[in-house]
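Colleague: Okay, here's the prediction I keep looking at, along with the sequence it came from:
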Amino acid sequence: MNSEFLRLFDYPPGLFPPGTPMDVMLRYNYERGDFGDVDPDATIAMLMKRFEVRGVINAERRVPNGRVIDIRTAPRADGGFVVTHLDITDRIRIEDELRQAKERAEAAARELREAQQQLVVQEKMASLGQLTAGIAHELKNPLNFVNNFAELSGELLDELCALISPLSAQLDPDQKADFDELVGSLHSNLRKIAEHGRRADGIVKSMLAHSRGGSGEWRNTELNVLIEESLALAYHAARAQDREFNVSFNRHYDPAAGTLDLVPQDMSRVLVNLFTNAFYSVRRRQRDGGENDYRPQLTITTIDCNDKVQIKVHDNGAGMSKPVIDKLFTPFFTTKPTGEGTGLGLSLSYDIVVHQHRGRFDVSSVENEYAEFTITLPRVVPPVSLGERRKP
Ligand code: ADP
């Protein structure tokens, strides 16, 4: 036992002169509290036994003074053995620090990957939005021609019929019938062109909304009030379409949500779209689900998160599959039948929430259980984005 050994274990010098039996040392260890609250005789006997049986130990031991000691034994030819004690406290501490640093680095890398993914999605949506608006711009003029000429042709046809009517008396009955049928078909075709032209016009207008510049004003707005107004709007529209429609509302408005800077006109559009989609989905589950005890529910929650505010819109409708969720914000993606959906609602909403208001748009859903959309808005839109808020 050299002096370094005594120092490692905090033994006063000269305490164990050469020849001291092992159990005396173990008893000293017990008495100063190394073994804690145990039966001393049994513990010392057990430790002595370990030396007898195995002769050799390789262990790591933490001593009460906080050191970590690596203990190794090497047998000797004469039957005894040499025990080496190595102070590895610093190595263990460094290893601990390294592990923590590695965990921190891994967490940061994970966050970075997520942020990068979010950015890629944002960029993709932005360019798709611009593309959509660009196409709409190109379509607007030819579509105007179609609509205007359809209308004009209807008027010309009426004039033609008025001009011809004195002459039609001279036609024989078969020719007259053919004539009337032709005029009828032309009228009906022109009505169809006008009707579908109007529909196309509506789609083009929604597409153009992607690049609509600065129409809405930024205003400090009471969030819960804006939600309530948008809900009333969407609900009345749904009831106007279907008198039977019913849904129960659960409102969990956080009074601390308060006011925040936003473009109420645009944000209301986002909310109305979310509510309309939710109504459609609960109605679909009610109609197609075949569940007698199904009760449509819409839960709206606002949460104050200090520098941010969250809006959650949760419906217990048909929900969405993973492939649908993946394409949700892509322009023109719709699962609704032709004529019922354009697939522009959510892509435009994404544009408004993420690009215009610098917020987040998240979604989670389980098919035939629920769909939940979460909008997170900053209370103060970062100044860097002020100049970018909508190009004229
Ligand atoms: P549209 O309503 O014209 O289809 P949106 O962009 O608003 O366009 O929605 C795209 C698609 O997202 C919908 O066709 C539907 O499949 C899905 N969707 C949106 N909201 C919900 C919801 N609350 N529950 C289930 N599916 C939804």
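Modeller: Done, it's in. Computed from a predicted structure; not experimentally measured. Numbering: from 1, shown residues only.

Colleague: make it CA atoms for all contacts and neighbour counts henceforth
Modeller: Fine.

Colleague: Please determine how far residue 296 is located from the ligand.
Modeller: Residue 296 is 12 Å from the ligand, where distance means Cα to the nearest ligand atom, to the nearest Å.

Colleague: Quick check: that residue touching residue 286?
Modeller: Yes - counting by Cα atoms under 8 Å, a contact exists between residue 296 and residue 286, whose distance comes to 7.4 Å.

Colleague: overlap in contacts of those two?
Modeller: Common neighbours of residue 296 and residue 286, counting by Cα atoms under 8 Å, 6 or more residues apart in numbering, are residue 317.

Colleague: Show the backbone phi and psi for residue 363.
Modeller: In terms of degrees, to the nearest 10, the main-chain angles of residue 363 are phi -140, psi 140.

Colleague: Can you tell me the closest non-neighbouring residue to it?
Modeller: residue 373 (4.5 Å; Cα to Cα, 6 or more residues apart in numbering).

Colleague: how would you label that neighbour: helix, strand or coil?
Modeller: Three states are possible here, and by DSSP: H, G, I helix; E, B strand; the rest coil the one that applies to residue 373 is strand.

Colleague: From residue 150, how far out is it?
Modeller: The spacing between residue 373 and residue 150, counted by Cα to Cα, to the nearest Å, is 42 Å.

Colleague: next one: residue 70
Modeller: Counting by Cα to Cα, the gap from residue 70 to residue 150 is 93 Å.

Colleague: Compare neighbour counts for these two and give me the winner.
Modeller: A count of neighbours by other Cα atoms under 10 Å puts residue 150 above the other of residue 70 and residue 150, at 20 against 16.

Colleague: For residue 198, see how far away residue 67 is.
Modeller: Taking Cα to Cα as the measure, residue 67 falls 83 Å from residue 198.

Colleague: hmm, who's touching the lowest-mean-pLDDT helix or strand in the chain?
Modeller: Evaluated with mean pLDDT, DSSP states H and E, the helix-and-strand set of the chain has its lowest mean pLDDT in strand 58-62, which scores a mean of 78. Residues from elsewhere that reach strand 58-62, judged by Cα under 8 Å, 6+ apart: 68-73.

Colleague: In a helix, residue 42, correct?
Modeller: Yes - for residue 42, which was evaluated using three-state DSSP, the result is membership in a helix.
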